[in-house]
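Student: quick one: sequence and predicted model below, then my questions.
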Amino acid sequence: MPRPLVYLIYNLLLPIFLIVGFPAFILKGIRRGGLARNFRQRLGRFREGDLFEESGDADASIWIHAVSVGEVFLALKAIEALQEAAPDQKLLLSVTTTTGFAVAREQASPTLKVIHNPIDLPWITARVIRKIQPKALVLIEAEVWPNLVAQLHRRNIPIILANARLSPRSARRYARFRSIVEPIFSQLTAISVPFESDVPRWEAIGISQDRIQVLGSVKFDSTAQGGKEKQKELEEWLRQSGCPSDARILLAGSTHDGEEKLLAEEFLALREEIPGLALVIVPRHAERAGAIVSQLDALSLHTVVKVPLAGEARPTDESSENPRVWIANTTGELRSWFSLAEVVMIGKSFCGVGGQNPVEPILAGKPVIVGPHMENFADVVRDLSEREGILQLSGEAELRDALRTFFLHPEQGATLAEQGRAAMTRHEGASARTAEFVLHQIESKES
C-alpha cells in the first residue's frame, strides 16, 4: 500500500481513538495527579525548564522514547551507558504512561530531561520536533509512532529502534498486515534486536538485514543492578509489619487477576509443611490492591498493604491469628523485591496470556517458576529451558509440587538459579553495545 494512503487512513482514525479514550485519560490523570502538566506536554506545550535551552546542532539532544515502567527501566540502562560513553551529551526521555513518567522523573539530571510524550498528531509532533531539534530518536522496544517517524525521516534525522521486541504472535500479525506496516517501519534507520531469532521476523515485514544488528537484550543486561538502599527500605517495611527476619519469602511478581488467589491458596496449603514461609505479592497494576485484599480476606488471610488503601485504615501491628500476606502495591520496586525472595513466581503466566519478564529475578540469583503462558518472552524462556535455568509448568496443578521442591530442597533451586544466570551471560554488556550502536548511527548520518 502506498505510504501516503497508509498515513491518510492513520490520521483519519487516530482522532477517533483519541476522542474515545479521552475520558479514561482524564480520570487517570485525576487519580494519579499531574494532569495539567501531563495534558500540556502531550499537546507539545512546555514551560521554561521542561526542555533544554535551544542550541546548535553539535549540542542537540538525543531523544529517547519509552512507554511504561518496564520500558523506562530499560531506557534508563541505555541512558546510563550513553552518559558513560558521551558524558556531555544531552538526553531527553519521553514517556507514555504517568507511572512510567514518575519513575523516570526520579532520574532527571543536568543532562537528562523527562517529558510526557506528545500525541502523534502531525501538527503536535512537528511543533515538538522544532522545539527539541533532536539529533536522533531512539524508540525502546516496539512503540513506533507513525507521524513522529515520518517527520523525522523527512528531516534526515536517525530513527533507531533499540532492543526491538517482536514476539512470534506479533510477527505473524505484522506479516499479515505487511502492506500497512512496511511503509512505516521502512523509514527506520536501524534496529537492534536481542536474539538471532528476531532477525527473520523483522525481515518478514520489510526491514532489510543490513539495518538489523543482534546486540543482546538491554533488559537482561546484569551490569546495572543497584538498588541496595531500596532493598533495605523494603526489608524494614516487612520487619515493621510483622514479617520475621528469617522468613522464607515466596515472591509473586507482576501478578494478574486470579494469580493472587492461586498463590494464596498454595501458600495456605504449604505453610505448615514449610515453617517460616511468607508470601509477598507485587501486582502488575498497583491500583488492583483493593480487589486483591478482598479476595484474600475471603480466604481468612490478614493482608498488609504497603500503600494504605484510600478511605481505609489497616493498622499493620494489629493482632490477628490469620496468616499474613504482604501486598506491595507500589510501582518501580519489583527489581529490589527479587533480591529479598527465596523463590519467585512470575505473573501473567498462569491467569493471563503473554507473561512478564522472568529474567530480572534470574539475574538476582533466584529460582524462577513460570506458567504455560509466556508468549511475549518465548525466545528467552526457550533458551533458559534448554539450559535448565527456569522451571516452566504446564498448568496450575503442578505449582504446589514445584514450590514444595524448591523450599524443601533449596539446593535444587540454587542449581536452577545458577544455570539461569549462566544462560544470561550473552546479554552482559548489551547496554553499552546499544549506546555504541546509537552513537554510531548518529556519526554515520553526520559524516
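Tutor: Great, that's in hand. Residues are numbered from 1 along each chain as shown.
Student: what helix or strand is Ile64 located in?
Tutor: strand 62-66 (DSSP states H and E).
Student: name the residues that touch whatever helix or strand comes next after that strand?
Tutor: Next in sequence after strand 62-66, counting helices and strands by DSSP H and E, comes helix 69-85. Residues from elsewhere that reach helix 69-85 (CB atoms under 8 Å, 6 or more residues apart in numbering): 62, 64-66, 89, 91, 93, 95, 97, 99-100, 103-104, 107, 111-112, 138, 140-141, 143, 162-163, 218-219, 221, 224, 331-332, 335, 357, 431-432, 434-436, 438-439. C-beta here means a position set from N, CA and C on the backbone, and glycine is covered the same way.
Student: in the helix or strand following helix 69-85, which residues are buried?
Tutor: Moving toward the C-terminus from helix 69-85, the next helix or strand (DSSP H and E) is strand 91-95. Neighbour-count burial for strand 91-95 flags Leu91, Leu92, Leu93, Ser94, Val95 (criterion: 16 or more other CB atoms under 10 Å).
Student: stretch 427-446 too?
Tutor: Buried-residue list, stretch 427-446, by 16+ other CB under 10 Å: 427, 429-435, 437-439, 441-442.
Student: same thing with stretch 177-191?
Tutor: Those would be Val181, Glu182, Pro183, Ile184, Phe185, Gln187, Leu188, Thr189, Ala190, Ile191, for stretch 177-191 by 16+ other CB under 10 Å.
Student: now, among those, which is nearest to Arg3?
Tutor: Nearest to Arg3 among these is Pro183, at 3.9 Å by CB to CB.
Student: list phi and psi for the closest residue to that closest one other than its chain neighbours.
Tutor: Sequence neighbours aside, Arg3 is the residue nearest to Pro183 in space, at 3.9 Å (criterion: CB to CB, 6 or more residues apart in numbering). Main-chain torsions, Arg3, degrees, to the nearest 10: phi -60, psi -40.
Student: what about Arg3, how many residues nearby?
Tutor: 14 (other CB atoms under 10 Å).
Student: please apply the same query to Leu82.
Tutor: 24.
Student: any idea how far it is from Val95?
Tutor: From Leu82 across to Val95, the span is 17 Å (CB to CB, to the nearest Å).
Student: related to what we said a few turns ago, now, the contacts of helix 69-85 that are in helices?
Tutor: Using DSSP state H, the members of the contacts of helix 69-85 that fall within helices are Thr99, Gly100, Val103, Ala104, Arg335, Ser431, Ala432, Thr434, Ala435, Glu436, Val438, Leu439.
Student: and the fifth one, how far from Val359?
Tutor: Going back to what we said before, that points to Arg335. 11 Å.
Student: of those two, who's got more company?
Tutor: More crowded of Arg335 and Val359, by other CB under 10 Å: Val359, with 25 against 19.
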